[in-house]
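Undergrad: need a structure here:
(2 chains)
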Amino acid sequence: MRPVHYYRCLRGIVWREGLRFLNQRGRFIAALVRPLVWLVIFAAGFRFVLGVSIIPPYQTYIPYEEYIAPGLIGMIQLFQAMQSTLSMVWDREMGSMRTLLVSPLPRWFLLVSKMVATVAVSVLQAYVFLGIAWFWGIQPPPLGYLTVLPALILSGMMLSALGLFISSAIRQLENFAGVMNFVIFPMFFASSALYPLWTVREANQKLYDICMVNPFTHAVELVRFALYGQFNLQACAVVVGALIVFMALAILGYDPGRGLMVRRAGAE
Amino acid sequence: MSGEGTTTLELATETVDRSADVPTPQAQPLIVAGLSHAFGKRQALRDVAFQLERGDRTMLLGLNGAGKTTLFSLITRLYNHRSGSIRIFGWEIKQKPSEALARLGVVFQLPTLDPDLSVAQNLFYHAALHGLPRREAGARIEREIERVGLTDRMHEKARTLSGGQRRRVEIARALIHQPKMLLLDEPTVGLDIASRQFLLDHVRMLCREEGLAALWATHLIDEVDSAARVIVLHRGRILAEGPVPEVISRTNAASIREAFDKLTGERSE
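TA: Numbers count the residues shown, from 1 in each chain, chains lettered A, B, ... in the order given. Predicted coordinates:
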């Protein structure tokens, strides 16, 4: 297998993910409507309840909508990551995992390709969301649209690595509802996506601690700062660290020599 | 002898690793030796050993739970075997998975086409997974899809195809990277008689005319014809192996069904 084989394989996996996303029109629309509903309805309702004081990276008082926009980008990435990786263990899509794994390319490379494909789609979604949000008054500095790109890639990689790891560790999922309950909701709500963490701290120190160890919080903060042209070192370090850990766990989980794949088969 | 042979073969594979796009000339399509596998306390395979020659069409016959799926999972390296060895054209799957998998075509028991993609898109995806360039893939896809008679459905979504047609696409897909060995895991489950016959004839033709070795797992005795070889797998053990007429005469039976019943001591379906 030469580098060109790797390249073709990666291209094929990304291309398929893109096609799948575009072909499932319902999924495409849902992926956009979900954050927009939060932005337009939820945020509008809560802007009078939650006041956001001046906290970095913002230099002025901002409306609540503007505060949650990065959180909603995180939500897009979280949904996309879980949908594309965990669907591999849904009964009706188990086959897609089997076809992927009989490729002669090394398994770690197949997994990384799958992550890259997921991220490519989620970055695209994030920009479409940002485009629509612009008309809703979420207007970060123009340069922010560029500086946010590496943050989106990094946070997307971290979340899809997490999804892959979970997919290797669990035997089966009935449907997406389980993922919503056990992964997406806890990660999303126990984070800085919807409320600044200082408000959480005032309310409940434990919850604050949980939010701080939640890698999703740091993904959102990384994106938030990057969107305003700033770099958040702590968030970046946590996201990179989590990415490395989740990726290593996913690769171990799919390693044919380790227990997980065997255990799963043994239980069937 | 086998120990020494192994070493030289492995040395040879080291040196031709990169250039070898064709199977090692003399190696057999598949050699399984001393293969055992357990899931916890449940012993799924016990000391399984058999070989496939070029052009062999071998039916792996066993009831549900006999160990067929475990065997296929090990041959396709979903997970590693812990004892024994599996060699595909001379390449031990655990040591040289890439070389082995590149020479293997697989039709899974589960439907594995992406229903939201067209037939052509599904096949191009598979070609990419094997690192084939697009143009070459296009030519091979056209040829394989024509051979299964679905050229006019190329650009339709897989979900619009019938179960039998999807299986035909899956066989076409398994052949795009031109493997010399084909694994089929209960490919006819849920198919009507015509589709089943089509698959059987197609694989027969591939073995006869192109020298493909095929291993076809089934629990349907009707699918085992007298021109094939058969491996009877029961509770993880191989009870008999050889050309169908030989297995029948060795067991003093009148038919393969009777032979199977005698061997397993159970009434077959």
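Undergrad: The biggest helix by length in chain A: which residues count as buried?
TA: If you go by DSSP state H, chain A has its longest helix at helix A:107-135. For helix A:107-135, the neighbour count (16 or more other CB atoms under 10 Å in any protein chain shown) marks A:107, A:109-126, A:129-130, A:133 as buried. All C-beta atoms are positioned from the backbone trio N, CA, C, and that covers glycine.
Undergrad: Which members of the residues you listed additionally contact chain B?
TA: Counting by CB under 8 Å from any CB of the partner chain, residue A:110 from the buried residues of helix A:107-135 sit close to chain B.
Undergrad: Which residue would be the closest one in the stretch 1-150 of chain A to chain B?
TA: residue A:12 (2.1 Å; CB to the nearest CB).
Undergrad: so which helix or strand takes in that residue?
TA: helix A:3-23 (DSSP states H and E).
Undergrad: what sits up against that helix?
TA: Residues from elsewhere that reach helix A:3-23 (CB atoms under 8 Å, 6 or more residues apart in numbering or on different chains): A:27-28, A:31, A:84, A:100, A:103, A:105, A:109-110, A:113-114, A:116-118, A:120-121, B:114, B:116-117, B:121, B:124-125, B:127-134, B:157.
Undergrad: Out of those, name the ones that lie in helices.
TA: A:27-28, A:31, A:84, A:100, A:109-110, A:113-114, A:116-118, A:120-121, B:121, B:124-125, B:127-129, B:134.
Undergrad: Stretch B:180-195: end-to-end distance?
TA: 23 Å (CA to CA, to the nearest Å).
Undergrad: Would you mark the buried spots in it?
TA: B:180, B:181, B:182, B:183, B:184, B:185, B:186, B:187, B:188, B:191, B:195.
Undergrad: Any idea how many residues pack against the closest residue to chain A within chain B?
TA: Here chain B gets closest to chain A at one residue, residue B:128, 2.1 Å apart by CB to the nearest CB. Neighbours of residue B:128 under the rule other CB atoms under 10 Å in any protein chain shown: 25.
Undergrad: ok, for it, nearest residue in space, not its chain neighbours?
TA: residue A:12 (2.1 Å; CB to CB, 6 or more residues apart in numbering or on different chains).
Undergrad: which residues touch residue 212?
TA: Unless you meant another one, I'm taking chain A. Applying CB under 8 Å, 6+ apart, the residues contacting residue A:212 are residue A:197.
Undergrad: My question was about chain B, not that one.
TA: B:54, B:55, B:179, B:180, B:181, B:182, B:203, B:206.
Undergrad: just to revisit the earlier point, distance of the residue nearest to residue B:128 from residue B:133?
TA: Distance, residue A:12 to residue B:133, by CB to CB, to the nearest Å: 11 Å.
Undergrad: Settle it for me: which of these two has more neighbours?
TA: For the pair residue A:12 and residue B:133, the greater number of neighbours falls to residue A:12 (24 against 12), based on other CB under 10 Å.
Undergrad: ok, the more buried one to residue B:80 distance?
TA: Applying CB to CB to residue A:12 and residue B:80 gives a distance of 26 Å.
Undergrad: Which secondary structure element is home to residue A:55?
TA: Counting by DSSP H and E, residue A:55 is part of no helix or strand.
Undergrad: wait, isn't it in contact with residue A:199?
TA: No: using CB atoms under 8 Å, residue A:55 is not in contact with residue A:199; the gap is 10.0 Å.
Undergrad: more crowded one of these two?
TA: Higher neighbour count among residue A:55 and residue A:199: residue A:199, with 15 against 12, using other CB under 10 Å.
Undergrad: Quick one, grab the pLDDT at that one.
TA: Looking at residue A:199, its pLDDT is 86.
Undergrad: Also residue B:15?
TA: In this model, residue B:15 is scored at 40, pLDDT.
Undergrad: likewise residue A:225?
TA: Residue A:225 is given a pLDDT of 96.
Undergrad: can you check residue A:175 too?
TA: 64.
Undergrad: Show the contacting residues for the residue nearest to residue B:134 when sequence neighbours are not counted.
TA: Of all residues beyond its chain neighbours, the one nearest residue B:134 is residue B:124 (7.2 Å), with distances taken as CB to CB, 6+ apart. Shown in contact with residue B:124 (CB under 8 Å, 6+ apart): A:12, A:15, B:134, B:137, B:138, B:141.
Undergrad: Brilliant, that's me finished.
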